[in-house]
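S.K.: here's my sequence, what's the structure:
(2 chains)
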Number of protein chains: 2
Amino acid sequence: MYVILVYDFGEKRVAKMLKLCRRYLNWVQNSVFEGEISDVRLKELLMYIKMFMKVNEDSIIIFKTASQVFMERQIIGRQLGSTDNFL
Amino acid sequence: MYVILVYDFGEKRVAKMLKLCRRYLNWVQNSVFEGEISDVRLKELLMYIKMFMKVNEDSIIIFKTASQVFMERQIIGRQLGSTDNFL
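M.R.: Reported below is the predicted structural model:
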């Protein structure tokens, strides 16, 4: 499946979250990751995140779609992350 | 169409961007908006944004999909924005 993961973490945990997400997804912008990932790998990522995340302070939203073919991406302005295909 | 709009703006322009996007989409998290929007309305929003955006400093990524039915959303931790339907 293809996911977009956005997060809002407390200052003390942001670096750890960035480092961890980088092992599973592509960084595209401040607190935004995207990429193809299997169900198992996503569960694994979330398991590691939950080891340090403060659920009453931090927030993650994962937008999932079956495949990247259902998703069109438009980039305006400065391109930050590594986005292999973009409009 | 259903869109997820993420942005990374210079400090001076963030408030203006937030205020403008709120008129078109739902705020769900820091620098993240989502919602159903027509092509015309999205073009209108981008037209207004480009009036103050600094394209060499600021960045917007818009993820588009035909409809929200192609998108599943999982929220973990603190829920920030108004998300009408969520897992």
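S.K.: what residues does chain A have near chain B?
M.R.: With C-beta under 8 Å from any C-beta of the partner chain as the criterion, chain A comes near chain B at residues A:4, A:6-8, A:28-32, A:34, A:46, A:49-50, A:53-66, A:70-80, A:83. Glycine gets a C-beta too; all of them are placed from N, C-alpha and C.
S.K.: so what's A:Leu80 up against?
M.R.: Under the criterion of C-beta atoms under 8 Å, 6 or more residues apart in numbering or on different chains, the contact partners of A:Leu80 comprise A:Trp27, A:Val28, A:Gln29, A:Asn30, B:Asp8, B:Ser59.
S.K.: still on that earlier bit, PyMOL command to pick out the buried ones of the residues of chain A next to chain B?
M.R.: Below is the selection syntax for PyMOL that covers the buried ones among the residues of chain A next to chain B, with 16 or more other C-beta atoms under 10 Å in any protein chain shown defining burial:
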select buried, chain A and resi 4+6+7+8+28+29+30+31+32+34+46+49+53+58+59+60+61+62+63+64+65+71+73+75+76+77+83
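S.K.: so how far is the one helix or strand A:Leu5 maps to from its chain's centroid?
M.R.: If you go by DSSP states H and E, A:Leu5 is part of strand A:2-8. Centroid separation between strand A:2-8 and its chain, computed with C-alpha atoms, centre = their mean, to the nearest Å, is 4 Å.
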